[in-house]
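I would like to see how this sequence folds:
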Amino acid sequence: MTRAAHIVDELRRRITSGELAPGDRLPSTRRIVREWGVAMATAGKVLGRLQEEGLARAVPGVGTVVAGRDERPPAAELTRRRIVRVAVGIADGEGLAAVTMRRVATELNASAMSLYRHVEGKEDLVRLMADAVYAEDPPAARVPRGWRPRLELALRQLWRIHRRHPWLAQAVSLTRPEFVPSGMAHTERLLHALDGLGLDARTMLHAATSLLSLVRGAAVSLETELQARTETGITEDEWIEARWAELGALLADGAFPTLAKVVGQPDLDMDLDSIFEFGLRGHLDGIAVLVARARTGRRD
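Sure thing, here's the model as predicted:
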């Protein structure tokens, strides 16, 4: 018996015995990897097999749960749009690693091979997923005046998209970008806001890429946090609070005096949203300096 089959048997036993009731959350792929010592692909196969058997279903934002009776949907006509929508739902709830052709096919009550008539494979599917979510927030009907308000609007919109889809930062690359039209539209908005300010093309491109990197850098921890919360049920604040004594012990011996002084301040608050906002202000202040220099003709 393979490792995957062994894990499937164990989880099936828990479900059929009533140990796990309809609606109860099943172990995530990461938890299966950790507890049974198997590869991520094997963990994905385990959950896919349970769904194929109608014993489990994916719930966006929650993970894979035990299915009730007669919950498996009837087969419907496959379209690229349906495939992408289901794949996005899986990624939103369980992370990008949980998205496989087999898993998506199971959710659609279809064969994995039938998906290849609409998408070339997982790489193509992820590209289509990114294109779909980047298109969720169209440009505002009224564009504010001034380059800085325009950049703030565009970047906060991008941040909201990443917030809704924590896997997106893992799906895109700044060094080897996919040519995703909806994503390129966001880059176009940034460049358009910078155009006509006296900046040369190199500075404009570096500024826009740096701003995109700010969003991606702040968002890269979103998927990890989602998976940790799904697996443990513990929020970020609860996790930090539980380990506060450990941190205090590390800082008490004086090895990190500046860190101890800073984190020991009362009412200190920091999260991914505040990190993004702080970075946004700093980046835009820096661009303002470049714009001022360009307008006065300075090259230093």
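
hey, let's count contacts and neighbours off CA atoms from now on
OK.

can you name the next helix or strand after the helix or strand of the chain with the lowest mean pLDDT?
In the chain, no helix or strand scores lower on mean pLDDT, DSSP states H and E than helix 222-232, which sits at a mean of 72. Once the chain leaves helix 222-232, the next helix or strand it forms, by DSSP states H and E, is helix 236-242.

tell me the mean pLDDT over that next one?
The predicted model assigns helix 236-242 a mean pLDDT of 75.

residues contacting Trp147?
By CA atoms under 8 Å, 6 or more residues apart in numbering, the residues touching Trp147 are Ala193, Leu194.

quick one, what contacts Glu223?
Glu223 sits next to Gly95, Pro166, Trp167 when contact means CA under 8 Å, 6+ apart.

any of those buried? List them.
Buried members of those, counted by 16 or more other CA atoms under 10 Å: Gly95, Pro166, Trp167.

TSV for these, including secondary structure?
Shown next, in TSV, are the buried ones among the contacts of Glu223 (DSSP: H, G, I helix; E, B strand; the rest coil):
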residue	secondary structure
Gly95	coil
Pro166	coil
Trp167	coil
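
okay, those in TSV with pLDDT and distance to Ala87 next?
Below are the buried ones among the contacts of Glu223 laid out as TSV (pLDDT from 0 to 100; distance: CA to CA, whole Å):
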residue	pLDDT	distance to Ala87
Gly95	85	10
Pro166	91	14
Trp167	93	11
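
with respect to Gly279, which of those residues is nearest?
Comparing the buried ones among the contacts of Glu223 against Gly279 with CA to CA places Pro166 closest, at 18.9 Å.

so that closest one versus Gly297, what's the distance?
42 Å (CA to CA, to the nearest Å).

what's the answer for Arg57, then?
For Arg57, the distance to Gly297 - CA to CA - is 62 Å.

repeat for Val99
52 Å.

ok, the contacts of Glu223 vs Gly48, which is closest?
Gly48 has its nearest neighbour among the contacts of Glu223 in Gly95, at 14.4 Å by CA to CA.

coming back round to it: who's more crowded, Arg57 and Gly297?
Arg57 (25 against 10; other CA atoms under 10 Å).

quick one, what contacts that one?
Contacts of Arg57 by CA under 8 Å, 6+ apart are Gln51, Thr64, Val65, Val66, Ala67, Glu107.

which SS class is Ala58?
Ala58 is classified as strand under three-state DSSP.

check contacts around it.
Thr64, Val65, Ile90, Gly93, Glu107 are the contacts of Ala58 under CA under 8 Å, 6+ apart.

again, only using 7 Å
Thr64, Val65, Ile90 (CA atoms under 7 Å, 6 or more residues apart in numbering).

pLDDT score for it?
Predicted confidence (pLDDT) for Ala58: 80.

change the start of the numbering to 97 and stick with it
Sounds good: first residue 97 from here, last item Ala154.

any idea how far it is from Leu146?
Ala154 is 11 Å from Leu146, where distance means CA to CA.

before we move on, what about Thr138?
From Thr138 over to Leu146 (counting by CA to CA), the distance is 13 Å.

do the same with Ser113
As judged by CA to CA, Ser113 and Leu146 stand 15 Å apart.

again with Glu321
25 Å.

when the two are compared, which one has more neighbours?
Taking other CA under 10 Å, Glu321 and Leu146 do not tie; Leu146 has more neighbours (20 against 15).

residues in contact with the more buried one?
Contacts for Leu146 were tallied using CA under 7 Å, 6+ apart; they are Val104, Ala152.

so it sits in a helix?
Yes: residue state for Leu146 (three-state DSSP) corresponds to a helix.

contact partners for Leu355?
Leu355 neighbours (CA under 7 Å, 6+ apart): none.

for whichever helix or strand it is part of, buried residues please.
For Leu355, the element it lies in under DSSP H and E is helix 353-359. For helix 353-359, the neighbour count (16+ other CA under 10 Å) marks Ala356 as buried.

how about stretch 336-352?
Buried, per 16+ other CA under 10 Å, within stretch 336-352: Leu347.

now swap in stretch 312-319 and tell me
Across stretch 312-319, burial judged by 16+ other CA under 10 Å covers Arg312, Ala314, Ala315, Val316, Leu318, Glu319.

nearest to Asp227 among those?
When the buried residues of stretch 312-319 are compared against Asp227 (criterion: CA to CA), the nearest one is Arg312, at 15.7 Å.

surely that closest one touches Ala265?
Yes: look at Arg312 against Ala265 with CA atoms under 7 Å: they come within range, at 5.4 Å.

helix, strand or coil for Phe275?
Per three-state DSSP, Phe275 ends up coil.

next, count neighbours for it.
Using other CA under 10 Å, Phe275 has 10 other residues around it.

ditto for Glu373
18.
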